[in-house]
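1. sequence-free structure coming up:
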């Protein structure tokens, strides 16, 4: 498992932990979208956000280039 996948899994786990601590009944349904997308990216290695923005015409970062 790569480090980027672990970042996505930790990201979604922290969001879900925050929703658990505040209560799942009080969490808005929109908060589940980034948690589900992060878990999906961590498990499969496919980032839905990157696919969406690349389909909209945004360019990805080239390997080795700084931001």
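-> Right, received. Where do you want to start? Everything numeric in this text was worked out from a predicted model, so none of it was measured.

2. pLDDT wise, what is the residue nearest to the spatial centre of the chain at?
-> By C-alpha atoms, centre = their mean, the chain has its centre lying nearest to residue 38, at 2.7 Å. Residue 38 carries a pLDDT score of 89 in this model.

3. can you tell me the closest non-neighbouring residue to it?
-> Excluding its sequence neighbours, the residue lying closest to residue 38 (C-beta to C-beta, 6 or more residues apart in numbering) is residue 12, at 3.3 Å. All C-beta spots, glycine's among them, are computed from the backbone N, C-alpha and C.

4. can you give me the distance of that neighbour to residue 57?
-> Distance check for residue 12 against residue 57: by C-beta to C-beta, to the nearest Å, it reads 27 Å.

5. also residue 7?
-> Counting by C-beta to C-beta, the gap from residue 7 to residue 57 is 25 Å.

6. neighbours of residue 8, how many?
-> Neighbour count for residue 8, taken as other C-beta atoms under 10 Å: 20.

7. ok, residue 15 touching residue 31?
-> Yes. Residue 15 lies in contact with residue 31 (C-beta atoms under 8 Å); the separation is 6.7 Å.
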